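A.B. asks: Structure for this input, please:
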Amino acid sequence: MNSLTVRAARWSARHPWRAVVGWLAFVALCLVVGGAVGTNSATTADYRVGEAGRAEAMAAEGHLERRPTEQVLISARPGGALDGQTGKRAAEAAARDLTGRMKKLPDVASVAAPLWSGDGRILMVEVAVKGEELDADAKVGALVEQTEAVQKSHPRLLIEETGSPSTSKGVDQQRNDDLALSEKITLPVTLLTLLIAFGSVVMAIVPLLLALSSIAAAIGLSMVVSHVSPDVGVGTNVILMIGLAVGVDYTLFYLKREREERARHGGRLSSEALVELAAATSGRAVVVSGLAVVASTATLYLASDVIFSSLATGTIVVVLVAVASSLTALPALLVVLGKRAERKALRRAERGKPARRTRGEGGGRIWAALLRPAARHPLATLCVSVLALLALAVPLGQLKITEMSRDTHSRAIPAMRVYDRLNEAFPERRVTHDVVVRADASHTREVTGALRRLAELADRDPLFADGSRIDTSADHRVSVLRLKVPYLGNSPQAEASLDHLRHDYLPATVGRIEGAEYGVSGDVARYADYPAHQNSKLPLVIGALLLVTFVMTVYAFRSVVLGLVGVVLNLLSAAAALGLLVLVFQNTWAEGLLGFHSTGSIGSRVPLFLFVILFGLSMDYQVFVVSRIREAVLAGVPTRQAVLDGLRTSASVVTSAAVVMTTVFVSFVFLHIIEMKQIGFVLAAAVLLDAFVVRVMVLPAALLLLGEATWWPSRPGRRPAAVPDHAPHGQPVVDVR
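C.D. replies: Model prediction:
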């Protein structure tokens with residue numbers, strides 16, 4: 001009863017208003033400091049991986065990197081056509097107007113000459129933007145304004161803009177709108193779930209307010225931490241998703257235990273003493289769960305990828321803040337509410353009215369019925385449950401991982417609809433490979449000759465289009481050959497053209513120059529290299545994840561057996577959830593139901609993110625449930641009875657926590673971004689499987705079969721129950737409402 005969690009709760013309980021004000025001050029300080037230092041966003045260089053990344057770095061060294069570009073399409077309005085010289089002169093006049101306006105903008109590097117499509121229906125003007133690709137979406141607004149101004153000046157024409165910057169800006173806007181919708185769905189459902197769990201409006205609001213304040217503090221802190229680990233623009237999304245899930249869960253665990261102790265002691269303990277008891281039990285479980293999530297998430301740093309590092313940073317920050325709030329602000333609020341309830345109870349007693357009884361944690365008939373198969377037939381239950389999970393994992397054999405390219409973005413974004421028209425009108429400009437060569441300046445002629453021979457080989461290959469160009473840096477050390485491909489970036493033909501370049505044409509030409517470094521970059525190369533990079537890191541990350549899960553479980557329960565059981569159960573949950581993901585998203589049968597267009601693949605970030613986050617979040621249930629079982633065993637209860645009682649008494653908490661988490665994750669299924677849909681779906685499926693199959697069927701059956709061997713090599717014996725020494729007697733039973 002003198003652990004750090006208890007000492008923190010004791011101080012907060014004895015100085016409740018100081019603790020509450022201190023917490024609010026901490027949240028405000030985080031936001032103020034975060035706003036002052038700002039967010040350090042990742043640069044283009046931070047995203048470079050594989051051969052494509054090395055080639056881009058070489059091109060940047062010679063100032064030959066690809067500039068972000070916008071394409072403005074000028075055509076007749078729907079139903080019309082630019083027939084005759086009059087129509088073409090009108091389009092060319094609009095192009096001259098647009099060119100003049102664009103050249104005056106400080107962020108425009110160049111404007112190309114207007115280019116007619118092969119069928120003469122569309123005139124295109126390409127505009128290059130200064131700076132890096134990631135900075136261009138902040139500059140593109142000025143270009144769009146000029147395009148809109150030209151549209152107003154030429155109302156008989158249709159003038160539209162697309163390009164990487166405008167698409168990126170559209171995706172960001174869509175993500176923000178989607179998140180707003182997600183919050184509208186999540187918050188009311190979470191509040192309703194907590195209201196059902198506690199039967200009290202006040203007690204339902206407390207977890208939600210603490211979770212939201214933790215999210216606010218974490219957003220501020222993440223801005224500070226971004227100066228160490230750059231933010232890729234999704235940090236806030238992750239903080240909202242994970243923060244609401246774990247913030248409510250941790251508070252829920254603590255609150256449920258405090259109410260249970262209040263009901264058990266029948267008013268014989270003060271609010272301060274009840275808080276200390278909750279801190280010694282559920283408080284410890286919260287700390288262990290939080291540390292498990294942090295340790296599991298930290299393995300993402302081993303992926304050596306700025307996106308995963310940003311995801312890990314956001315998750316770690318919000319989890320640590322959520323743990324801090326549940327150990328400081330929550331005990332203080334419980335004491336304040338408890339004192340208020342005690343005063344009400346005293347007034348009721350003075351009036352001769354019966355005291356309200358606090359609803360404890362009895363378990364309920366439903367959960368007793370659900371646990372009955374495991375209790376009566378543990379071996380059969382274990383076999384059937386494991387076989388069911390393995391059956392769900394079968395589609396995992398067809399898992400196809402790809403990088404979600406620009407072609408997968410929602411067509412609800414206006415720039416994407418224009419992008420489709422651009423690809424149809426100018427098929428030869430769909431994809432460009434950048435062959436980058438770095439060599440000593442004395443080899444310039446040799447490099448140029450090799451690149452010309454490579455271009456000749458490509459010209460004879462139907463996978464490539466005409467119109468290649470060679471650029472050389474001012475110091476003659478870096479050269480870039482730009483080859484066009486008339487296929488979409490995610491098509492088999494585009495992938496085949498990359499293979500021809502890397503494995504056939506480059507070794508036969510540039511590869512023969514002594515001392516030359518070379519590589520291929522571009523969109524197709526990025527889409528190929530990123531999944532390959534992730535696949536190479538996957539064994540390392542998963543191996544570290546399994547080790548961390550095992551070590552944390554052994555540390556928490558002093559049991560090697562439980563550590564092994566935890567690893568196996570998490571693998572089962574993850575495999576079954578991934579199998580469901582493949583079944584749903586790699587096929588087309590659920591497209592209408594979930595509102596997506598199947599790419600026939602899974603986003604390259606989804607499996608690794610699932611494993612890491614699920615292993616961490618599963619520890620919430622594992623720690624909370626097994627802690628109740630171990631607590632009973634330490635009190636002298638036989639393991640079999642402790643397993644059944646522990647699961648039954650913790651059932652409603654696990655259910656409520658699972659519903660909250662599932663609600664948060666399911667809300668992401670309604671987003672437009674396909675990868676976010678997949679992440680939301682697979683996490684929701686994993687949480688449901690973990691809570692209602694693994695923890696209700698597999699875990700109890702396994703523990704009942706293991707019996708006393710569950711705790712090997714430790715031998716938990718009976719320990720005297722510790723009761724705080726400041727427990728007044730004779731107080732009426734109260735309900736904290």
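
A.B. asks: Quote the end-to-end distance of stretch 684-694.
C.D. replies: By CA to CA, to the nearest Å, the extent of stretch 684-694 from end to end equals 14 Å.

A.B. asks: Please identify the buried residues of it?
C.D. replies: 684, 685, 686, 687, 688, 689, 690, 691, 693, 694 (16 or more other CB atoms under 10 Å). (C-beta placed from N, C-alpha, C; glycine too.)

A.B. asks: quick one: which of these is nearest residue 33?
C.D. replies: Among the buried residues of stretch 684-694, residue 687 lies closest to residue 33 (CB to CB), at 33.5 Å.

A.B. asks: so the closest one, which of the three states?
C.D. replies: With DSSP: H, G, I helix; E, B strand; the rest coil as the basis, residue 687 sits in helix.

A.B. asks: If we ignore the residues flanking it in sequence, what's nearest it?
C.D. replies: Closest residue in space to residue 687, ignoring its immediate chain neighbours: residue 661 at 4.8 Å, by CB to CB, 6 or more residues apart in numbering.

A.B. asks: Same question for residue 576.
C.D. replies: Sequence neighbours aside, residue 392 is the residue nearest to residue 576 in space, at 3.9 Å (criterion: CB to CB, 6+ apart).

A.B. asks: Tell me the secondary structure at residue 667.
C.D. replies: helix.

A.B. asks: one step back: let's have the buried residues of stretch 684-694 in TSV, adding distance to residue 482.
C.D. replies: As requested, these are exported to TSV (distance: CB to CB, whole Å):
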residue	distance to residue 482
684	44
685	44
686	44
687	47
688	49
689	49
690	50
691	53
693	53
694	53
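
A.B. asks: by contact count, what packs against the strand or helix carrying residue 577?
C.D. replies: Here residue 577 sits within helix 560-585, counting by DSSP states H and E. In this structure, helix 560-585 makes packing contacts with helix 378-393, helix 523-557, strand 602-603, helix 606-634, helix 674-689, helix 699-706, judged by 3 or more CB pairs under 8 Å, 6 or more residues apart in numbering; DSSP states H and E.

A.B. asks: nearest to residue 44, of these?
C.D. replies: helix 523-557 (11.4 Å).

A.B. asks: and the nearest residue to residue 535 once chain neighbours are set aside, what pLDDT?
C.D. replies: Closest residue to residue 535 apart from its sequence neighbours, by CB to CB, 6+ apart: residue 401 at 7.1 Å. We have a pLDDT of 85 for residue 401.

A.B. asks: ok, now which ones touch residue 401?
C.D. replies: By CB atoms under 8 Å, 6 or more residues apart in numbering, the contact list for residue 401 reads 531, 534, 535, 601, 602, 603, 604, 607.

A.B. asks: Between those residues, which sits nearest residue 174?
C.D. replies: residue 603 (16.5 Å).

A.B. asks: ok now do that closest one, which residues does it touch?
C.D. replies: Contacts were defined as CB under 8 Å, 6+ apart; by that measure residue 603 touches 401, 402, 403, 404, 674, 675, 678, 679.

A.B. asks: ok, now how distant is residue 206 from residue 525?
C.D. replies: 52 Å (CB to CB, to the nearest Å).

A.B. asks: need the helices and strands packed on helix 560-585 in JSON lines with mean pLDDT and distance to residue 438, can you?
C.D. replies: Putting those into JSON lines (pLDDT from 0 to 100; distance: least, CB to CB, whole Å) gives the following:
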{"stretch": "helix 378-393", "mean pLDDT": "94", "distance to residue 438": "46"}
{"stretch": "helix 523-557", "mean pLDDT": "89", "distance to residue 438": "16"}
{"stretch": "strand 602-603", "mean pLDDT": "88", "distance to residue 438": "32"}
{"stretch": "helix 606-634", "mean pLDDT": "83", "distance to residue 438": "32"}
{"stretch": "helix 674-689", "mean pLDDT": "89", "distance to residue 438": "34"}
{"stretch": "helix 699-706", "mean pLDDT": "92", "distance to residue 438": "57"}
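
A.B. asks: Skipping adjacent residues, who's closest to residue 427 in space?
C.D. replies: Nearest residue to residue 427, sequence neighbours excluded (CB to CB, 6+ apart): residue 486, at 4.6 Å.

A.B. asks: Hmm, residue 432 and that neighbour touching each other?
C.D. replies: No - assessed by CB atoms under 8 Å, residue 486 is found out of contact with residue 432, at 10.9 Å.

A.B. asks: Could you export the helices and strands packed on helix 560-585 as TSV, including distance to residue 184?
C.D. replies: What follows is the helices and strands packed on helix 560-585, written out as TSV (distance: least, CB to CB, whole Å):
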stretch	distance to residue 184
helix 378-393	31
helix 523-557	33
strand 602-603	25
helix 606-634	23
helix 674-689	15
helix 699-706	35
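
A.B. asks: and residue 202, which of the ones you listed is closest to it?
C.D. replies: Across the helices and strands packed on helix 560-585, closest to residue 202 is helix 606-634 (CB to CB), at 23.3 Å.

A.B. asks: ok and the closest one relative to helix 523-557, angle-wise?
C.D. replies: Taking axes from the mean of the first three to the mean of the last three CA atoms, to 10 degrees, one finds helix 606-634 and helix 523-557 inclined to each other by 0 degrees.

A.B. asks: in helix 606-634, what's buried?
C.D. replies: 606-633.

A.B. asks: Summarise which helices and strands it is packed against.
C.D. replies: So helix 606-634, by 3+ CB pairs under 8 Å, 6+ apart, packs with helix 235-265, helix 284-298, helix 306-327, helix 523-557, helix 560-585, helix 639-667, helix 674-689.

A.B. asks: Those helices: which one's closest to residue 503?
C.D. replies: Across the helices and strands packed on helix 606-634, closest to residue 503 is helix 523-557 (CB to CB), at 12.1 Å.

A.B. asks: hang on, the residue nearest to residue 576 packs against residue 579?
C.D. replies: Yes - Residue 392 is within contact range of residue 579, at 4.7 Å (criterion: CB under 8 Å).

A.B. asks: List the buried residues for stretch 169-176?
C.D. replies: Going by neighbour count (16+ other CB under 10 Å), the buried part of stretch 169-176 is 169, 170, 171, 174, 175.

A.B. asks: One more: stretch 206-217?
C.D. replies: For stretch 206-217, burial by neighbour count (16+ other CB under 10 Å) applies to 206, 207, 208, 210, 211, 212, 213, 214, 215, 216, 217.

A.B. asks: Return the subset of the residues you listed lying in helices.
C.D. replies: 206, 207, 208, 210, 211, 212, 213, 214, 215, 216, 217 (DSSP state H).

A.B. asks: contacting residues for the third one?
C.D. replies: Meaning residue 208. Neighbour list for residue 208: 187, 190, 191, 194, 248 [criterion: CB under 8 Å, 6+ apart].

A.B. asks: And for the second one?
C.D. replies: With contacts defined as CB under 8 Å, 6+ apart, residue 207 is in contact with 194, 247, 248, 251, 252, 255.

A.B. asks: Dump those residues into JSON lines; add neighbour count, distance to residue 588 and pLDDT as well.
C.D. replies: Output for these, formatted as JSON lines (neighbours: other CB atoms under 10 Å; distance: CB to CB, whole Å; pLDDT from 0 to 100):
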{"residue": "194", "neighbour count": "25", "distance to residue 588": "38", "pLDDT": "78"}
{"residue": "247", "neighbour count": "28", "distance to residue 588": "37", "pLDDT": "85"}
{"residue": "248", "neighbour count": "29", "distance to residue 588": "35", "pLDDT": "84"}
{"residue": "251", "neighbour count": "26", "distance to residue 588": "41", "pLDDT": "84"}
{"residue": "252", "neighbour count": "28", "distance to residue 588": "39", "pLDDT": "81"}
{"residue": "255", "neighbour count": "26", "distance to residue 588": "44", "pLDDT": "81"}
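
A.B. asks: Next secondary structure element downstream of the helix or strand of the chain with the lowest mean pLDDT?
C.D. replies: Least confident helix or strand of the chain, by mean pLDDT, DSSP states H and E, is helix 329-350 with a mean of 76. Going down the chain from helix 329-350, the next helix or strand is helix 365-376, by DSSP H and E.

A.B. asks: Touching that following helix from outside, list them.
C.D. replies: Helix 365-376 is touched from outside by 380-382, 644, 647-648, 651-652, 696-697, 700-701, 704, with contacts defined as CB under 8 Å, 6+ apart.
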